[in-house]
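Undergrad: one predicted model, sequence on top.
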Amino acid sequence: MDPAASRIAAALTHGLVPAVPVPHRADVADAAAQDRYAAWMAGQSVAGVAVWAHTGRGLHLPPDTAARVLESWRRALPAPRVLVAGAGARPRRSRSGRARVTPPADPVGLTAFVITATLEMAAEAKQLGADALLAFPPVLLRDLEDRDGRIVEVHAALAQVGLPVIAFYLYEQAGGISYSERVLDRILALPHVLGIKVATLDSVVTFQAVARRIPPGKLLITGEDRFLGYSLMMGARSALIGLGAARVALSADLLAAFAREEWPRFHALSAAVDRFAAATFRDPMDGYIRRMLHVLARDGVIPAEAAYDPWGPEVPASQLAEVDAALASP
């Protein structure tokens, strides 16, 4: 592993990295609420934050909004807090900006399209102050017969940007790819890749299988909101989770208790995290972002009017009431 990747991996070990949403009022990002949220997070026990990830709708944000969001977090969380930015093939537009560019159909052209778009997003993140990248699974390549080599090619190309990379194993229903063992091994062998975030939602068996393939020196980062405590027991040494976007202390305390081997406290906190996760990570699953924003508004971190997710499903008021009930339970 190269020195920069080793440094970031050390900074993240036993630390919480909330995947943060972007406060919106209807379809417009609320800049004041964003700055208020970032200032609040600066007072929490976090190793850093992840912007432009799925929770932050990184592949959907307009470029000017995306830039403002990353700059807001960089101002609020200077070094040594680690700013991780998502990088992937977000939709590209024509020079006029009015129409999307259709990706090429042939495998070579499609791969080049994905690499170019991913590098553009990664370079923007670096310019704006990101310390590391979270590589979105290149889902446009998912149906290619020779996808394994092309997936590795995308990750290898990110070395050009000069920032450490966190690979991302995401379950397919959420827009990810089931990486083969060969793909995992080849990606994790890349010197600029510091480790991998694993988010399987409810597949403990898949998490176990991936965890067994983490080579020495690389960091297993859990993205398992629904079994956070168990994922630490299975080898994760950091957490990059949407759950941490609102209930920060609860998640951070769980990681700290595990690191200090305070087992009674760890078990109690793990049960509390599981109760909260059961109320917030449920069908419609992509509604978790709206639920996190609801918690932030409930706690007075952002205005209630800014707790909107333009790209998420409708979340019934009854479910938000259940979130409130979970927060009120001991």
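TA: In hand now; what should we look at?
Undergrad: stretch 13-32: end-to-end distance?
TA: Across stretch 13-32, the straight-line distance between its terminal residues is 32 Å, by CA to CA, to the nearest Å.
Undergrad: and stretch 31-38, which residues are buried?
TA: Along stretch 31-38, these residues count as buried under the neighbour rule (16 or more other CB atoms under 10 Å): 33-38. Just so you know, the C-beta spots here come from the backbone N, C-alpha and C atoms, and that holds for glycine as well.
Undergrad: likewise stretch 201-211?
TA: Neighbour-count burial for stretch 201-211, counted by 16+ other CB under 10 Å, picks out 201, 203, 207, 210-211.
Undergrad: let's see which of those end up in helices.
TA: Per DSSP state H, helices hold the following members of those: 207, 210-211.
Undergrad: name the residues of the helix ranked longest in the chain that are buried.
TA: Ranked by number of residues, the top helix in the chain under DSSP H is helix 107-127. By neighbour count, with 16+ other CB under 10 Å as the criterion, the buried positions of helix 107-127 are 110-115, 117-122, 124-126.
Undergrad: check those residues and tell me the two furthest apart.
TA: Leu110 and Lys126 (24.8 Å; CB to CB).
Undergrad: got the contact list for stretch 146-155?
TA: In this structure, residues lying in contact with stretch 146-155 by CB atoms under 8 Å, 6 or more residues apart in numbering are 107, 111, 114-115, 118, 135, 137-138, 141, 144, 165, 167, 177, 179-180, 182-183, 186-187, 190, 193.
Undergrad: in strands, which of these fall?
TA: Using DSSP state E, the subset of the contacts of stretch 146-155 located in strands is 135, 165, 167, 193.
Undergrad: what is the nearest of these to His294?
TA: When those are compared for distance to His294, the smallest value, 29.4 Å, is given by Ala135; criterion: CB to CB.
Undergrad: pretty sure that closest one is touching Ala167, no?
TA: Yes - counting by CB atoms under 8 Å, Ala135 does reach Ala167; the two are 5.6 Å apart.
Undergrad: who has more neighbours out of those two?
TA: Here Ala135 and Ala167 are compared on neighbour count by other CB atoms under 10 Å; more neighbours surround Ala167, at 25 against 22.
Undergrad: out of everything not next to it in sequence, what's closest to the more buried one?
TA: Ile196 (4.1 Å; CB to CB, 6 or more residues apart in numbering).
Undergrad: quick check: that neighbour is in a strand.
TA: Yes - remark: Ile196 belongs to a strand, assigned using DSSP: H, G, I helix; E, B strand; the rest coil.
Undergrad: and stretch 177-197, which residues are buried?
TA: With burial defined by 16+ other CB under 10 Å, the residues of stretch 177-197 counted as buried are 177, 179, 183-184, 186-188, 190, 192-197.
Undergrad: now stretch 17-34
TA: 17-24, 29-30, 33-34.
Undergrad: most widely separated two among the residues you listed?
TA: By the measure CB to CB, these have their two most distant members at Val17 and Asp30, which lie 22.9 Å apart.
Undergrad: that older thread, and which of the buried residues of helix 107-127 is nearest Gly43?
TA: If you rank those by distance to Gly43 using CB to CB, Ala125 comes first, at 24.4 Å.
Undergrad: isn't the closest one up against Trp73?
TA: No - counting by CB under 8 Å, Ala125 does not reach Trp73; the two are 11.1 Å apart.
Undergrad: on that earlier part again, dump the ones in strands among the contacts of stretch 146-155 into a markdown table; add distance to Ser6 and pLDDT as well.
TA: Listed next are the ones in strands among the contacts of stretch 146-155 as a markdown table, based on distance: CB to CB, whole Å; pLDDT from 0 to 100:
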| residue | distance to Ser6 | pLDDT |
| --- | --- | --- |
| Ala135 | 18 | 98 |
| Val165 | 13 | 98 |
| Ala167 | 16 | 98 |
| Val193 | 11 | 98 |
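Undergrad: returning to that earlier point: need the ones in helices among the buried residues of stretch 201-211 in a markdown table with pLDDT, can you?
TA: Written out in a markdown table, the entries for those read as follows (pLDDT from 0 to 100):
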| residue | pLDDT |
| --- | --- |
| Phe207 | 96 |
| Val210 | 96 |
| Ala211 | 97 |
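Undergrad: now do the strands in the protein.
TA: Counting by DSSP E, the strands of the chain are 16-18, 24-25, 28-29, 48-51, 82-87, 132-135, 165-170, 193-199, 219-222, 238-241.
Undergrad: the last one: how far from the chain's middle?
TA: If you compare the mean C-alpha spot of strand 238-241 with that of the full chain, they lie 8 Å apart, counting by CA atoms, centre = their mean, to the nearest Å.
Undergrad: and it, what's its mean pLDDT?
TA: For strand 238-241, mean pLDDT is 98.
Undergrad: before we move on, what about the second one?
TA: On average, the pLDDT along strand 24-25 is 97.
Undergrad: who touches that strand?
TA: Contacts of strand 24-25 (CB under 8 Å, 6+ apart): 30, 33, 305-306, 308-310.
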